[in-house]
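Asker: Sequence below, structure please.
(one chain, ligands or ions: 1)
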Amino acid sequence: MRHLAIGLALVLLTTACSQNAGEKNSAAGTGRVLVDTSFEDLEGWIPENPSLTQEKAHTGRYSIKIDPGTEFSLTYINQLYRLSPKRFNTVRLTAWGQLTAPGAAAVVFQITRADQTTAFYEKIDIKEVNEWGQINKVLTMPAVLNPADQVKIYLWRATATAPAYLDDLTLSVEP
Ligand SMILES: [Ca+2]
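Answerer: Residues are numbered from 1 along each chain as shown. Got it, this is the predicted structure:
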């Protein structure tokens with residue numbers, strides 16, 4: 001029942017938000033930005049992490065990586081209500097990725113519930129080898145989410161056998 005009540009509250013919020021959504025923003029893809037990082041200012045502020053690297057960068061000096069010794073990159077973790085106090089239906093995830101050998105590393109956007117079950121999971125493969133390629137994916141959220149659910153964004157090694165890199169990640173609300 002608690003989930004149902006929260007779901008209803010979110011539906012009401014969604015209705016309120018959609019009345020303010022601008023059509024022009026939608027065409028330009030310039031929604032409210034929730035996450036925007038080039039990984040430049042993290043060193044020293046977070047515990048030592050083998051994923052934060054200066055080996056390659058799309059912009060600046062830093063990116064994050066996976067390699068044979070690192071299955072999961074440095075991970076963005078936040079509760080949904082902190083990420084966005086307003087309910088969103090659709091988000092756009094963009095980033096630049098690079099493989100260094102043919103394989104299958106991927107950017108994962110995941111939402112997990114308090115009981116650790118998965119409410120949403122999307123894996124976006126990085127395809128370019130030895131050049132930066134842009135990931136640009138619109139993700140439609142499930143109808144019912146709990147504001148306390150946890151959002152995770154990370155680079156996953158999957159079946160890649162050589163280092164892969166990720167830089168300039170943004171998450172924005174699609175109007
Ligand atoms: Ca960077």
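Asker: what separates the residue nearest the centre of the chain from residue 160, distance-wise?
Answerer: Central residue check for the chain by Cα atoms, centre = their mean: the C-alpha nearest the mean position is that of residue 153, 4.0 Å away. Taking Cβ to Cβ, to the nearest Å as the measure, residue 153 falls 18 Å from residue 160. Where you see a C-beta, it was placed from the backbone N, CA and C, and this is true even at glycine.
Asker: likewise residue 106?
Answerer: To residue 160, residue 106 is 9 Å away according to Cβ to Cβ.
Asker: Next: residue 72.
Answerer: Counting by Cβ to Cβ, the separation of residue 72 from residue 160 is 12 Å.
Asker: Looking at these two, which one has more neighbours?
Answerer: Ranked by neighbour count (other Cβ atoms under 10 Å), residue 72 and residue 160 place residue 160 first, with 23 against 13.
Asker: measure the more buried one to residue 76 for me?
Answerer: Distance check for residue 160 against residue 76: by Cβ to Cβ, it reads 20 Å.
Asker: swap in residue 149?
Answerer: Relative to residue 76, and taking Cβ to Cβ, residue 149 is found at 14 Å.
Asker: Which one's more surrounded, the two?
Answerer: residue 149 (21 against 16).
Asker: mind listing what that one touches?
Answerer: If a contact means Cβ atoms under 8 Å, 6 or more residues apart in numbering, then residue 149 has 79-80, 111-114, 119 as its contacts.
Asker: Of these, which belong to strands?
Answerer: Using DSSP state E, the members of these that fall in strands are 79, 111-112, 119.
Asker: Of those residues, just say which sits nearest to residue 92.
Answerer: Taking Cβ to Cβ as the measure, residue 92 sits nearest to residue 111 out of those, at 15.8 Å.
Asker: what pairs with the closest one across the strands?
Answerer: On the basis of DSSP bridges, residue 111 is bridged to residue 120, residue 151.
Asker: how far away is it from the ion?
Answerer: The span separating residue 111 from the ion equals 25 Å under the rule Cβ to the ion, to the nearest Å.
Asker: helix or strand for residue 169, which one?
Answerer: Here residue 169, judged by DSSP states H and E, is contained in strand 164-173.
Asker: quick revisit: please indicate which of the contacts of residue 149 are buried?
Answerer: When neighbours are counted using 16 or more other Cβ atoms under 10 Å, the contacts of residue 149 contain these buried positions: 80, 111-112, 119.
Asker: Many thanks, we can stop here.
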